[in-house]
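Q: Mind looking at a prediction? Sequence and model below.
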Amino acid sequence: MAERVEQEEIFSQVLRAGRRTYFFDVRATKADDYYLTVTESKKFTHDDGSFHYQKHKIYLYKEDFTDFKEMLGKATDYILNEKGSEVISERHQKDFKKEETTEETKSTESFTDVSFDDI
């Protein structure tokens, strides 16, 4: 059985994002052409204090760069246009509380508080 050997990085960048780290590595094919690997590494801590990393990797080849970059741009622009750049997430904000909308809240949210004592 042939052992798969990872190619040495030719160019590398690291993005640390909380307990996740992203690695952008340029590698060479056997024909000495370049491709990109993007690896997400996530740290998990066990109850006993030990930890392990879970990694996910994608490979991008030059023939897909233009379409990938275009689709990534469209997807990220869509998110920013729809939701803005502020992070609103249970995972990212410890004090995040999902607002529950009840029928009572829906029917009264368009009204202003009126005090009849003033009449």
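A: Now that the structure is in, tell me what you want to look at.
Q: what residues does the host helix or strand of residue 24 touch?
A: Of the helices and strands defined by DSSP states H and E, residue 24 is found in strand 20-28. Strand 20-28 has contacts (Cβ atoms under 8 Å, 6 or more residues apart in numbering) with 6-15, 34-43. Using the backbone N, CA and C atoms, a C-beta is placed for each residue, glycine as well.
Q: That one pairs with which strands, parallel or anti?
A: Strand 20-28 has its sheet partners listed here by DSSP bridges as strand 11-17 (antiparallel), strand 34-45 (antiparallel).
Q: Output those as CSV; include the columns mean neighbour count.
A: Below are the strands paired with strand 20-28 laid out as CSV (neighbours: other Cβ atoms under 10 Å):
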stretch, mean neighbour count
strand 11-17, 10
strand 34-45, 14
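Q: What lies in contact with the strand or helix carrying residue 60?
A: Here residue 60 is covered by strand 51-61, with elements defined by DSSP H and E. Residues outside strand 51-61 that contact it (Cβ under 8 Å, 6+ apart): 35-46, 68.
Q: Residue 55 bridge partners, please.
A: residue 41.
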